[in-house]
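K.L.:
Quick one, fold the following:
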Amino acid sequence: MSSSELFREPSWRGLRPALPEYVAAEPAVTDFICRTLGEYGAISQLLLGGCAVGMFRFQPAGGDAKLVKLVPESRRSSMMQAEDIATWLAARDAPVVAALPGYPVWDGDYGIVVMPYLHGRRVEASEQDMALLGRSVAQVQKKLASHPDRLRWERATAERLADLMVVRSSLATGRLSCGPNPERLATLARDPMLDFVLQDMERVPLHGDLNPGNVLIVDGKAILLDLEDVFHSVLPPILELVLAIERYVLVVVENDAHAVSAGRAFVKAWQSNMGVATVTGSTDLVRVFRSLALRSLCVLASAEQHGAAMPDEEWNKFFLLEQLAGRRAHAIALIFEEGVA
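P.N.:
Purely as a prediction, here's the structure:
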């Protein structure tokens with residue numbers, strides 16, 4: 001698996017997605033999009049944290065707004081797979097958004113994906129929103145379990161994990177030195193307690209990148225966006241649950257009682273919709289949280305090894321998450337306490 005498939009540039013820096021803003025798109029971009037779509041209207045470019053991303057709101061005269069994504073040729077394969085998956089899921093009433101018929105289309109160095117413009121809001125760390133998220137995550141995982149490409153996804157996942165384990169070994173032995181704190185990274189890579197492979201646990205296809213920028217609450221339902229990681233994310237579901245609790249709850253809620261109530265609402269909804277009685281068994285959950293951070297650090301190391309410039313902020317984000325797991329160990333234990341369902 002290439003480094004470009006291992007790492008995608010994040011749409012924002014830090015742990016909390018910036019609030020979206022829109023500004024008028026450049027005339028050349030407006031012309032390219034309108035010419036490709038074969039219709040004309042007002043086009044605004046999305047900014048996150050003041051930085052332009054390759055997404056645009058297209059408002060045709062007298063019609064509904066659409067979201068337009070410009071995708072570079074280097075992401076053509078992953079984007080085509082992601083949109084095929086989204087279309088397959090949407091046809092089975094899964095809570096996702098799919099591209100409009102006929103998209104993506106490719107013109108020169110860029111592809112264009114057009115989808116309905118969703119008027120929604122971000123997930124809040126409330127019992128209600130976290131229950132909605134848990135329900136939608138379970139629904140998508142259950143649908144993906146029967147996808148006809150699952151075996152191919154399993155092979156891609158195994159290849160990705162093998163690549164990351166090579167990176168981990170290189171970091172642990174000192175053959176590879178990366179980031180603003182290579183000593184700390186090497187120490188984590190050498191820690192035998194950290195395991196992001198979890199070889200003995202049952203695997204299912206996951207969303208794979210369940211960060212707060214990839215979910216919207218729309219009409220009382222959590223809608224999952226951006227499925228570019230599904231095809232290399234056939235993994236133990238605990239990894240997806242841990243990521244959701246980490247990003248939607250522990251990062252934003254300092255109060256343990258609040259965090260536990262919101263986190264339990266998510267876990268209970270996921271269990272109920274998956275039809276499972278237990279989530280963790282004897283798994284050491286703090287280790288899973290810390291291992292997830294190490295996996296992300298190995299992805300950054302691989303990208304840097306292949307010439308990508310990784311800002312210190314991105315490295316420090318995952319060092320912070322690794323520390324957060326230990327600091328919030330009590331809340332984590334209560335959130336995933338067996339018998340929650």
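K.L.:
if I've got this straight, S291 is in a strand?
P.N.:
No: assignment of S291 by DSSP: H, G, I helix; E, B strand; the rest coil gives helix, placing it outside any strand.
K.L.:
Looks like it contacts F196 (just checking).
P.N.:
Yes: in this structure, S291 is within contact of F196 by C-beta atoms under 8 Å, at 4.3 Å. (Each C-beta comes from the backbone N, C-alpha and C, glycine too.)
K.L.:
Distance-wise, check the residue lying farthest from the centre of the chain relative to A42.
P.N.:
The outermost residue of the chain, judged by C-alpha distance from the chain's mean C-alpha position using C-alpha atoms, centre = their mean, is G62 at 34.4 Å. Spatial separation of G62 from A42 under the definition C-beta to C-beta, to the nearest Å is 12 Å.
K.L.:
what do you get for A244?
P.N.:
A244 is 36 Å from A42, where distance means C-beta to C-beta.
K.L.:
Give me the more crowded residue out of those two.
P.N.:
For A244 versus A42, the count of surrounding residues by other C-beta atoms under 10 Å is larger for A244: 24 against 13.
K.L.:
what's the neighbour count on D109?
P.N.:
11.
K.L.:
Okay, it and R35: tell me how far apart.
P.N.:
D109 sits 15 Å away from R35, taking C-beta to C-beta as the criterion.
K.L.:
Over to V53?
P.N.:
V53 sits at a distance of 21 Å from R35 (criterion: C-beta to C-beta).
K.L.:
Contact partners for R175?
P.N.:
Remark: with contacts taken as C-beta atoms under 8 Å, 6 or more residues apart in numbering, R175 is in contact with S169.
K.L.:
That one should be in a strand, yeah?
P.N.:
No: using three-state DSSP, the secondary structure at R175 is coil, not a strand.
K.L.:
hmm, back to that, neighbour count winner among V53 and R35?
P.N.:
With neighbours defined as other C-beta under 10 Å, V53 and R35 compare such that V53 has more, 19 against 11.
K.L.:
And whichever helix or strand that one is part of, what does it pack against?
P.N.:
In the assignment (DSSP states H and E), V53 maps to strand 51-60. Other elements packing on strand 51-60 under the criterion 3 or more C-beta pairs under 8 Å, 6 or more residues apart in numbering; DSSP states H and E are helix 27-37, strand 41-48, strand 66-72.
K.L.:
Please repeat the previous calculation with a cut-off of 10 Å.
P.N.:
Contact partners of strand 51-60 among helices and strands, from 3 or more C-beta pairs under 10 Å, 6 or more residues apart in numbering; DSSP states H and E: strand 20-24, helix 27-37, strand 41-48, strand 66-72, strand 110-116.
K.L.:
hmm, back to that, test my guess that the residue farthest from the centre of the chain contacts G41.
P.N.:
Yes: here G62 reaches G41: they are 9.1 Å apart, a contact under C-beta atoms under 10 Å.
K.L.:
could you pull out the helices for the stretch 51-200 of the chain?
P.N.:
For the stretch 51-200 of the chain, the helices defined by DSSP state H, counting those that start in this stretch occupy 76-90, 127-144, 150-173, 182-190.
K.L.:
and these as TSV, adding mean pLDDT and distance to A25?
P.N.:
Formatted as TSV, the helices of the stretch 51-200 of the chain follow (pLDDT from 0 to 100; distance: least, C-beta to C-beta, whole Å):
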stretch	mean pLDDT	distance to A25
helix 76-90	96	20
helix 127-144	98	31
helix 150-173	98	35
helix 182-190	98	39
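K.L.:
Nearest to L225 among these would be which one?
P.N.:
Closest to L225 of these is helix 76-90 (C-beta to C-beta; 8.7 Å).
K.L.:
Quick one: distance of that closest one to the chain centre.
P.N.:
Going by C-alpha atoms, centre = their mean, to the nearest Å, the spacing between the C-alpha centre of helix 76-90 and its chain's C-alpha centre is 15 Å.
K.L.:
now do stretch 35-52
P.N.:
Distance of stretch 35-52 from the chain centroid (C-alpha atoms, centre = their mean) equals 23 Å.
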